[in-house]
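Undergrad: Predicted model and sequence below, questions to follow.
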Amino acid sequence: MPDRPEPVDAADEAAPATDAAPTAESPEYAVPALDKALDVLELLADQSGGLTQAAIATAVGRSVNQIFRVLQRLERRGWIYRDRHSGLYLLSTRMLDLAHRHPPLRGLVELALGPMRRLAEAARQSCNLSVLDAVRVRVIAQVESPADFGFRVRVGADFPIESTAAGITLTGGAAAGFLRRDDPMQPGITDLVVPVLGRDRQAVAALTIPYVATSFSEIGVDAVLRELLEAGHAISARLQGAGHDVTR
C-alpha cells in the first residue's frame, strides 16, 4: 500500500508576524521542510547505493509520512530519483551539474581541459583537476589515459584534505612548486601534483597525475613530472589572462 502524505506540520506553516526583530531562534528562521530536504540530500550523498523510503525516514529521524512529500518534491525537481524496480531512492547528478554551471568553476574547467588532454596524451597517464570544497578536496575534471591502463578518479569524487596529495598542495604543502609522493592508500601509485595559480598567484586548483608504474609504462616518472609542470604552467597562464592561445 503506497504511503499517504501527512497533514501539513504545524511547524511548516508560516509563523505569525510580530513586532520583534527576528532572531536565529525565532519561528521566522525555522524552515522544517527545507531541513528535511537537506537531510535527505546529505544522507543520500553518503550512500554508495540507494535507500528505501523507510530507511531514509529512520536515518533522518522522521516518520515515513513526514518524509513522503519531501521525497516526492525532490524527485519532481530532479535532485533524486527512484528506481522503479527496487523502489530505492538515489541521488541524481543535478548537484554536480549545478556546480558546473557556476561561472568560476565552469570557466576553470574550460581553460584546463585543453592542456589536460595534451598532458594525458604526452604522459600516457590519466590526470585530474581538483579544488577545495569546504573541508574536502573535490575532483572537477578528469582526462583518461590514452594507454591501455591508468588510474581513473571520478569527477565529483571528494576526499579529506589531509589524506590527499592534492589537498596538501592546495593548502600550501608543495613548497618546491610540485608534490611527488607514493600514495599511502594505493600501492603502486605515485601522486604527482602541481598547483594551478590564479591572478593573485595563489593556488586555486591542483592538477594531479596518479602515476601508474608497470612494465607497460611508456614514459618514466621524471619525464611525466616535467610534462605535468608544463601543463600546470599553461593552465595557470590561461587563468591569469594570458589567453586561450597558450598551448603548453
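TA: It's in.
Undergrad: residues touching Ile67, list them.
TA: For Ile67, the contact set (CB atoms under 8 Å, 6 or more residues apart in numbering) comprises 36, 40, 53, 56-57, 60. Where you see a C-beta, it was placed from the backbone N, CA and C, and this is true even at glycine.
Undergrad: Out of the residues you listed, who's the most crowded?
TA: Val40 (25 neighbours; other CB atoms under 10 Å).
Undergrad: before we move on, back to that, mind putting the contacts of Ile67 in TSV, pLDDT and secondary structure included?
TA: Shown next, in TSV, are the contacts of Ile67 (pLDDT from 0 to 100; DSSP: H, G, I helix; E, B strand; the rest coil):
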residue	pLDDT	secondary structure
Lys36	91	helix
Val40	93	helix
Gln53	94	helix
Ile56	95	helix
Ala57	95	helix
Val60	94	coil
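Undergrad: Please produce TSV containing those, extended by distance to Cys127.
TA: Output for those, formatted as TSV (distance: CB to CB, whole Å):
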residue	distance to Cys127
Lys36	40
Val40	35
Gln53	41
Ile56	37
Ala57	42
Val60	38
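Undergrad: Can you pick out the most distant pair from those residues?
TA: By the measure CB to CB, Lys36 and Gln53 form the most distant pair in these, at 12.8 Å.
Undergrad: circling back: just the closest of the contacts of Ile67 to Gly87, please.
TA: Closest approach to Gly87 among the contacts of Ile67 (CB to CB): Gln53, at 7.6 Å.
Undergrad: May I have the residues that are in contact with that closest one?
TA: 3, 64, 67-68, 71, 87, 89.
Undergrad: Give the buried subset of the residues you listed as a PyMOL selection command.
TA: In PyMOL, this line selects whichever of the contacts of Gln53 come out buried by 16 or more other CB atoms under 10 Å:
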select buried, resi 3+64+67+68+71+89
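Undergrad: out of the contacts of Gln53, who's nearest Gly167?
TA: Tyr89 (30.8 Å).
Undergrad: Tell me which helix or strand comes right after the lowest-mean-pLDDT helix or strand in the chain.
TA: In the chain, no helix or strand scores lower on mean pLDDT, DSSP states H and E than helix 94-101, which sits at a mean of 64. Sequence order places helix 103-123 as the next helix or strand after helix 94-101, per DSSP states H and E.
Undergrad: Next, the angle from whichever helix or strand comes after that next one to helix 103-123.
TA: Following helix 103-123 in sequence order, the next helix or strand is strand 127-133 (DSSP H and E). Counting by axes from the mean of the first three to the mean of the last three CA atoms, to 10 degrees, strand 127-133 lies at 150 degrees to helix 103-123.
Undergrad: So for the next helix-or-strand element following strand 127-133, what gets flagged as buried?
TA: Under the assignment DSSP H and E, the closest C-terminal helix or strand after strand 127-133 is strand 136-143. Buried residues in strand 136-143, counted by 16+ other CB under 10 Å: 137-143.
Undergrad: Give me the buried positions along the next helix or strand after strand 136-143.
TA: As assigned by DSSP H and E, the chain's next helix or strand after strand 136-143 is strand 158-160. Of all the residues in strand 158-160, those buried under the rule 16+ other CB under 10 Å are 158-159.
Undergrad: Give me the contacts around strand 158-160.
TA: Contacts for strand 158-160 (CB under 8 Å, 6+ apart): 133, 135-139, 166-167.
Undergrad: strand partners of that strand, parallel vs antiparallel please.
TA: In the sheet, strand 158-160 lines up against strand 136-143 (antiparallel) (DSSP bridges).
Undergrad: thinking again about what came up before, closest to Leu111 out of the contacts of Gln53?
TA: For the contacts of Gln53, the residue nearest Leu111 by CB to CB is Tyr89; the value is 36.3 Å.
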